[in-house]
Structures are given as C-alpha cells and as structure tokens.
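> whatever this is, show me its structure:
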Amino acid sequence: MLTRIVRFLLASLLFPIALIAQETNSSISGVVKTAKGEPLVGATITATHIPTGTVYRVASRTGGRFNLYNLRPGGPYTIVISFVGFDDEKKEDVYLNLGETSVQDFQLKDKTSTLTEAVVTGRRAPASGKGGTETSIGRDKMANLPNVGRGLNDYLKYTPQAKVTGDGGIAFAGQNNRYNSFFIDGANNTDIFGLAASGTNGGQAGVAPISIDAIDQIQVILSPYDAQFGNFTGGAVNAITKSGTNQLSASAWYFYRNEDLTGRSPVALPKPGFPSVVERTRVSKFSNKTYGFRVGGPIVKNKLFYFLLAEWQRDTRPQPFNIADYRGNSNTAALDNLANHLRTKYGYEPGGYIDNPEQVNAERANAKIDWNINDNNRFSLSYRYNKGLRYNTSSSASTVINFYNNGYLFPNRTHSVSGELKTTFGNNSNNRLLVTYTDELDDRSPIGQAFPRVSIIDGPGTIVFGTENFSAANLLKAQNLTILDMVKFYKDKHVFTLGTDNEFNDVLNTFVRDNFGTYQFNNLNDFINGNTPRRYQRSFSLLDDKAGDATIAAAKFKTMRIGFFFTDEYKVNENLTFIFGIRADRTELLTKPREDRFFNDTAIAKISQFYDLKGARSGQVMDPRWMVSPRFGFTYRMPEEGIAIRGGMGIFAGRVPLVWPGGIYNNNGISIGGVDLNPPSSGFVFNPDPFDQPTAASLGQNISNSRGQIDLVAKDFRLPTVFRTSLAVEKRLGEGWTFTTEAVFTKNIWELEYTNVNILPPLGKSLGIGSRNYYATGAAPTRIPLRSNGANPYPGMVYLLSNNRGRRGYSYSITFTLDKAFRNGFAFNANYTYGNSVANNEGTSSQNNSQWRFMETVNGRNFTELSVSDFDLAHRINAFVSKQFEYANKSMSTTISLVYNGQSGNPFSYVYRNSPVNDQASTENNDLIYIPTVGDLSSMIFLNNTVNGVTYTAQQQRDLLNQFIESDKYLRRNRGKFAERNGARLPFTHILDLKIEQKFNVRVSGRRYTVSFTYDVFNFTNMLNKDWGRTWFLANDNFSLLQFAGYVSASNPTPQYRFTPFAGKPWGVSTTLNPGYTARWISQLGMRISF
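Numbering: from 1, shown residues only. As a prediction, the model looks like this:
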C-alpha cells in the first residue's frame, strides 16, 4: 500500500497534470470587443472580490476571449476592462454561484478627450455552464428557507429532482441515495462505508455533517459533462464554507423548540393515564436546542483571513404511538404483563413501548484560513470537527411493538481537513491542488443492560425486546485521503483541462450480528411459559472467545481509487460552446481476505452444479478494472431572444458503499461462525444470559459445521455505471424572471445483483391459483449438501454480489421551473417534476444478506424482476416565495417566506404474511400476493381464523377480502395478476412551511448590529387546519394483506390462507416528530445577534 502511494505521489509531482472532482470555486469568461464588434487582444481584465480585496487579473487572448478561474464564489465582484486608446468599462455587484462560469462580455468605446468610465451595476450575468443539470443554493435562499431541523437535507430537498426517503436519506434523479457523493470544501464527507442512510458522516448518529451557519453555498450536480466530475451515479453535493473578509463580522444564535411549539396529534389518541378518553393530545415534554457562534475577519488586510465557528445541539425527540393502531393480538394488559414478567423472572428492564423518546447531542467546530500569497498564488486551509451521540430508540407502529431498550446508543466522531492551493501561470494556464483527509469513528452499542433479542409473532403484529441484534459487536473506524489536482490551459477557442482524482481508504469494521442470541417465538404464551422457540440464531467469532467490539474477527482492509480525466471546452463562437470529455477510474481492494479452503476446494464444485459463481472464490477480491466515461455537452445562447439551450450525454461510473464488497473480509467462513436453528430441537429453551449463549460445541455440532455466512464478489464485478443524457431550454422573461424546461434520462449499464447460492433450486410450482416457485413446504429451504455426509457448514447462507445480466433499470424526469431572482426583497421559484424510476435490486441496506432478503418478489429473491424503485419520485410540485418589507429608514425589516411541497406518496408492496416461496424461512414477509378475482376466491382454501376471541369462517374471510380489494384502487385494477413490487402508493401529501424573520438594525460606536428573531413552522398547513397537512407512514414499505397458512401437505403444495379483517387503510398518519415527515405542525423560535 505504502509503495503504491509513494509511486503515485512521485508521478503527481513529476507530471503536474493532476485533477479534481470536487468543486470549490467559480469562474468568469467572456469576450472583449470594440464598439464596432472587433475583438481586442491584450485587454486587461481585473476582477476584484470586494469583501477581501482579492484581485484576479488576466489579459484577453485571440478573439478577445478571456477566462478567470479559481475565483471565490459569492461576491460582490467589480470587473474592470482596460485597453490603451479606449475608455475603461466597469461592472459592479457581480455575484458568482459555486461551480458557475459567469459569462461577462464587454464592448469598449474609443477614448474621448474627457476621461470617462462606463459602469454597469446590479445584474447577474447568465452562466455558461457545461450543458449539464445542476442546482445552486446560495446565501440568500438559505437565509430565507424555513429550516426547523437545521440539516443539510433541509436545503437539498429543494432540488427539483430530489426525493427525501423515509429513513432520512435523499435521492437524486431516481437513483439510490447511497450512490451520491458529498463534499465540504472539497473534502469527502460521504459515508464511504455506507452505513448511514443520509449518506454523510455522522448520519447514523442523527447529526448533520456541518453547521448550516458554516456553509456559504451549496451546489447539486446531476449530469456534469465536464469530465473532472465523477465517482457518483446519483448526485454530487458540493458545499463550501464561509471565509473571513476585510470586515470583522460575528454572529451568535440560539434556536429552540419544545412541546408548546408543537401541534396536537393530527388524530385523536387515548389520553395519557386515561385510556378511555380519546382526544387530540400534546406530545410529552421535550426540548430541542441549538446554539453557537461564528466570527471571521482579517489577520492581515487584503492578505490573510480567518473564520471560526462552534455549535452545540441538544435534542430530545418524542416518538408517540397510538396503541389503538396496533393490529397484533395482544392488548395493553398483555404487553404490560410481559414487561413485568421480564422484570420479575429475569431481572431485565425492557423499558416502555408507547413513547420511546430519542436523544441527540452534537458538537461542531469549523476553522478556516485564507491566504492571498501573491497575485498568482492563493491558499486555503479548513478544518471541521463533528461529534454526535444518539440514543436511537425504535418507535412502535401498527405492525410492531418495540420496547425502549431494543434501541441502541450511537456515538460518532469525525475530523476532516482540506488544503487547497490555487496557482496562475502567466496568462494561459492555472493549476489547482487539493489534499483532504477525513477520519471517522462510529461505535454502536446497546441501550440498557445486555440481554438476548426476542421477537414474538403476535398474529399480524410482532413484539420485540432485548438488545438490538446488530449492536452487540459493532465498531467502525474509517480514514479517507484524497489527492486531487488539475491544470487548465488555453489555446485559441479551447480551454483544456487535464487531471487526476485519487482516493485512499483504510477501514476497520467489527460486526457480529446476533452476538447475544436472537430468539423468535410463535406467540406470547410460548415465551411466557418457557416453550421451545420457533427459531434461534447466533453469530460468534471463530478466531477468539471475545464478545463485543474487542474480538479480532474484525474486517480490516484498504482500498484505492485512481482517476484521470481530460476535457476540451470548445467555444465555437460567443453563443455556442461544446465540451468534450473523457474520464477513466480504477478501484482496487488492496487487502487480500482470509481464505476458506473448504469452500474453494469442495463447496465451489458442488454449488457450481446449480449456480454460476462468475469466477467468485473465497479469499478473492474483484478484479480492478478501468471504467472509461466519455462525455459530450453543449450550451447554445440566443441573447437577443433571451434563450439558452443546454444538454449533453455521457457515461458516469460510480461507487458503492465499501460495506458491500467489504463483506468478504468478515463473512468469509473463517472469521465468524454461527448457528441457525429453524426450528430448534425439543427441549431447547430460552437462556437470558447474553454471555452464556449456546455455541456450536454446546449444541453438539462440529465447529467446522458452523462457519456462518459467506459473502462472495464476482471476479468481474463492475461498480454501478449509468448512461445519462439531459436537455434543457431556458427562457429569460425580463425583470429577473426565468422559465426553464429540463429533461433527464438515465439508463443503468452496470447494476447490482444478489444471489443466494447456498440453497437447492425450487422444488417446483405450487398448485392452485397464483402458481409460483416454492423451495420447501417446511420451515426452511434445503441447503446444498456440501460434505460427504450431506451436511452444509454455512447456516448463514452464501451470498454472491455480481452484476445483473438481464433487463436493466432506468429513470427519467421532466421539470418545469419558473424562477425570480432575489431583487428588491422579493424572490420566487416554482417547479413541477414528474419522475419515474425502475430497478432490479435497490441496494438499500448495509448488509449483503439484507440486500437479498428484503426484496419483494413473486418467485423468490434469486428471481428478481424490474419493478418500481423505492426512489421513484412520481409527481412533485414545489414552490417558494419570499418578500422582505423594510421600514423605519431601513432600521427594521420583516421577511415572510413560504414553501409548498406537494408530492406523490411513497410506493409500497402488498405481500403475504409468511412465505409460500420459502427461499429462506417460512416466517418471512416478502412474497408478493396474487390478487384474486371473485371467481379465484371461491377456489382458494381458507382456514378458520380466530382473532381476539372472534372466529371468522372461510366464507366470511372471502367476503371481507373481496370488500377490501374492491375498496383499493390498485388491487381492484389488477385482479387476476400478481401484485407488483412497489405497485401501490401512499396518498399524495400537501405541506406548506412558513418562516418569519424580524430584524432590528442599530448602530453602536459606528458599527452596525443586527438583532433578528425567527419563527419557522414546518407543516404550517396543519396549523391552519387540523385536517390538513397529512403525511403517511407504512413500516418497511410493504403490507401483509393475507396470511399464508402453509401448504395442504408436502405432496400437495396447494396454499392455504387466513385473512384478518382490519379497519381503515394499510397506512397510518405519521406520528414522528422529525421535521419533514410529521403530520402535525412543529415550530421553532430563533434569535440571532450579528455584526
């Protein structure tokens, strides 16, 4: 590893052609001409960043063209053009968006006898762009958008093609949210290992990667045809932090919300302490506080600047639950009796289940130095610190009762530093070097005392308590180093960019699931009475006898990605620009995994009789391959008509979370073993001691027969890669108004596929209506016999990660936008987007077994088909309006901002409870239902079903199921077919958010101070009317409509069913208090003092 890095560094120093894929700058381009339209060669263009006095200077070249690169985003800038024999021309108040190339053309008049200077002020020039799709969010918009959560996603969600997922992630262009990249000051703040749904460092701890007050601008890129951008197939998010200026400035803030600033429950709930009284209740007491300060200014005027920030967050988040919504068999008395049983018999405190409050504490710090070394060299150094601690408790829902101590404790700590040197070489070239380092620590652990995890089947519901099964041994340490550099040089009408983009990762991950033992019981009485459980699972280290994070069975590995790119930006004329680019990336796993010799010597030959392993072997990594990404983009402007057309097409090679291929380092048959008793033998009983759980030896099994799960990666595995094309037409309407139409299409080239290669093929097709594959009629499918005695030593299954060779997924969107630039205190933006996305495998989990396990299918998870993606957008309408009112000689102002978001509900699937396919366990709930016609119902076998003392006959169940099908639009339209994965949808949502800001400006000793008070309301619609602003929730995005009650017999695979009637719809009104998801209004008060 070290030798490779040294060789690369030497190559970078000897050949200064290195790169960048993270943007932290802006640029200006244009043409200088005479009044007669003749180009001026050698004119001096001087752009001055007024807040810092930083001067950028260049001379016009052939054709009067000029380019100024590596400029600070923001402004204002003053641009002065001078040439001997002509009057100077000046443009003032020029502002630059992050990553933008602002087009500034000039015409100089012949010098008159009186010295004059033409001045133009106050207009933002059109951006040249690179033809691609992107969204910029600047200070003005960030200051006026409602933001109760103060998270990065609170701003990113205003990207028209964005979708906020239910677990807090954000998806762009219909792609997996884990395929995004996040950069802060160029440093990689992507959760490289891939555990956080947010995709950012600290996401699992529930904290933002950076304080919002530290951010200057945000840029979201979807289809950049400039080849310097790569390593993502979703979206790339670039954020730059604020810098000091020549003016000393500071700000201190305090934001607060509690139960008095939160609306009542959107629906009536039982009153706490009085369950027979139903009313719209307030949440229990809580408080969310965020406070901090920032200061910035000059160390040496016009030369050296600093910026410092510190912020603290202290949140408690109630998670109220209406027990009346629970669809399981147990009532409050039975659940309370269970809790008391655990306390008295085992001395274990499970906690409550009605309101499991979540806690989040965080500390953040930022420091930045900007140094104008001279006119040709500028250097920036920034540091970011983020620490979070989260008590992540699971709330109860309509299908599950979670006790408080089933949650987990999640501490996180991140250090990140960026160093950037920007150098200008003469008039025709410049260089940018960026080196970043990020160090992240996640140390997940249980809440409460250690105890085995227990889940109890409770009719159509589930009861869960005990130590969360993924938290007994769970530790991550990850370091990321990037060395990025690029050189630009100009020749005639061309701007050439040559570079390299390189990343090195060092990972240690301890993960032993079910380490304290996981028990599943058929019903509550079985557990209370000490009967044999339905299933028992446990994993443990095969390398030592240590439990928890201390085990040496951790995955330790290093990776390297090297990228090179070349771009030619060809300005055909003043209005037409082409961009040609090509990029090549190579990702390599540098560490060799441990090898399971039995698997390679014996198991492969037997598995290969049934499955194509695609060259996969134990102890083997995927072959590193160069991924080549050609791109083409264009921009065509028609200035007189105020029209710009931009578009392009290209290949985008992405990344995957390292946890997916990283599974080969711990799930290798050598490091972690396991037992999976499904069912256990008679006499096997629950053991409450988490540190004395059964092992293979104590169960009389040979340790070599308890090798646990194996993860394999195909030898020729390719990282996700897509073809993407876009086309946009922009029309300037005058007075700052712009109308844009934009379409984006993405086709997957290389996408994920997971196969369980440890089970024998299906036994055949089931009988009766809705015939499908089935693997077994008992509790679990048959594993492939691997030993001579027919034994299989891999109870945890064998999963192969490869690329799908069949029909591939795609996505597309079309967006219409009307925008009014912020001027005279008024801003407006409205857009409508329709998006569609289909996929084979979503890749939404951090475990390879879950990637396979939680896919809904008809014929089994080894037979996935194209279906609507979890990240499908459908219809979305977003509108923003803001107006500032100034009065009292501008000593006071009031700003009112409103944001509307109307969006299609999340897609979901109708599935069976229990599995007729039975490709892993008969108790799983991932098989898509067959939607029977009226005639089909009469031939289906229904068994009597007793629910809460009421018995429903077979005919009653047929009639009730038919009534429900007829009441559901999706089911009614698709009778006689299998339900499609994500074929149904939750209802459309309408949410209006509000922000009011009152400012007071006063002067003290010649300095202007501003005191501002803010009031933000999320779901202002619900504040206006208790029946408005509904948001909807459905656990796991699927609903078990019908229970599969087993086959008639092993020789007669005709399915039997039970239907449990229920009132209402599968979904419920969301009860969470997380801003952005809740159905009740939540507000926040804020105060800020600035100068």
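> tell me where the stretch 951-1091 of the chain has strands.
Using DSSP state E, counting those that start in this stretch, the strands of the stretch 951-1091 of the chain run over 977-978, 984-985, 989-1004, 1007-1018, 1032-1033, 1038-1049, 1052-1058, 1068-1069, 1082-1090.
> which one, of the ones you listed, ends up nearest to G138?
strand 989-1004 (16.4 Å; Cβ to Cβ). Every C-beta, even on glycine, is put in place using the N, C-alpha and C of the backbone.
> tell me which of the strands of the stretch 951-1091 of the chain sits nearest to G194.
Here strand 1038-1049 is closest among these (Cβ to Cβ), at 22.8 Å.
> give the buried residues for that closest one.
Residues of strand 1038-1049 classed as buried: 1038-1047 (neighbour count, 16 or more other Cβ atoms under 10 Å).
> which one of these is nearest G669?
Taking these together and measuring to G669 by Cβ to Cβ, the closest member is N1038, at 31.9 Å.
> isn't that closest one right next to Y910, touching?
Yes: counting by Cβ atoms under 8 Å, N1038 touches Y910, with 7.4 Å between them.
> which one of the buried residues of strand 1038-1049 is nearest F739?
Closest to F739, out of all of the buried residues of strand 1038-1049 and judged by Cβ to Cβ, is N1038, at 40.2 Å.
> so what does the helix or strand hosting T815 touch, helix or strand wise?
According to DSSP states H and E, T815 maps onto strand 810-823. Counting contacts by 3 or more Cβ pairs under 8 Å, 6 or more residues apart in numbering; DSSP states H and E, strand 810-823 packs against strand 737-750, strand 826-839.
> which one of these lies closest to V31?
Closest approach to V31 among the helices and strands packed on strand 810-823 (Cβ to Cβ): strand 737-750, 22.8 Å.
> immediately after that closest one, which helix or strand?
Where DSSP H and E defines the elements, the next helix or strand beyond strand 737-750 is strand 752-756.
> quick one: mean pLDDT for that following strand?
For strand 752-756, the mean pLDDT works out to 95.
> partners of that strand, with directions?
Taking DSSP bridges as the criterion, strand 752-756 forms sheet pairs with strand 798-803 (antiparallel).
> so what are the domain limits for this protein?
Annotated domains of the chain cover 17-121, 134-243+321-354+363-369+377-677+716-758+794-887, 936-1090 [automatic domain parsing].
> would you turn the ones you listed into CSV with distance to Y291?
As requested, the domains of the chain are exported to CSV (distance: least, Cβ to Cβ, whole Å):
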stretch, distance to Y291
domain 17-121, 26
domain 134-243+321-354+363-369+377-677+716-758+794-887, 11
domain 936-1090, 9
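> which one of those domains is the most hemmed in?
With neighbours taken as mean count of other Cβ atoms under 10 Å, the domains of the chain reach their highest mean count in domain 134-243+321-354+363-369+377-677+716-758+794-887, at a mean of 20.
> which residues does S1070 contact?
Neighbour list for S1070: 1031-1033, 1077-1079 [criterion: Cβ atoms under 8 Å, 6 or more residues apart in numbering].
> closest to T233 out of the residues you listed?
When the contacts of S1070 are compared against T233 (criterion: Cβ to Cβ), the nearest one is Y1077, at 26.1 Å.
> what's the closest of the strands of the stretch 951-1091 of the chain to S893?
strand 989-1004 (4.7 Å).
> quick one: average confidence on that closest one?
The model assigns strand 989-1004 a mean pLDDT of 94.
> what segments of the stretch 51-200 of the chain are helices?
With DSSP state H, counting those that start in this stretch, the ranges of helices along the stretch 51-200 of the chain come out as 139-144, 153-156.
> is it possible to get JSON lines of those that adds mean pLDDT and distance to N1025?
Output for these, formatted as JSON lines (pLDDT from 0 to 100; distance: least, Cβ to Cβ, whole Å):
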{"stretch": "helix 139-144", "mean pLDDT": "82", "distance to N1025": "25"}
{"stretch": "helix 153-156", "mean pLDDT": "84", "distance to N1025": "24"}
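> how about TSV for those, with distance to E349 added?
Formatted as TSV, the helices of the stretch 51-200 of the chain follow (distance: least, Cβ to Cβ, whole Å):
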stretch	distance to E349
helix 139-144	44
helix 153-156	35
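> what's the closest of those helices to D88?
helix 139-144 (29.9 Å).
> list of residues touching that closest one?
74, 155, 158, 212, 215-218, 822, 827, 880, 882, 895, 897, 995, 997.
> just to revisit the earlier point, out of the helices of the stretch 51-200 of the chain, flag the one nearest G548.
Per Cβ to Cβ, nearest to G548 of the helices of the stretch 51-200 of the chain: helix 153-156, 32.7 Å.
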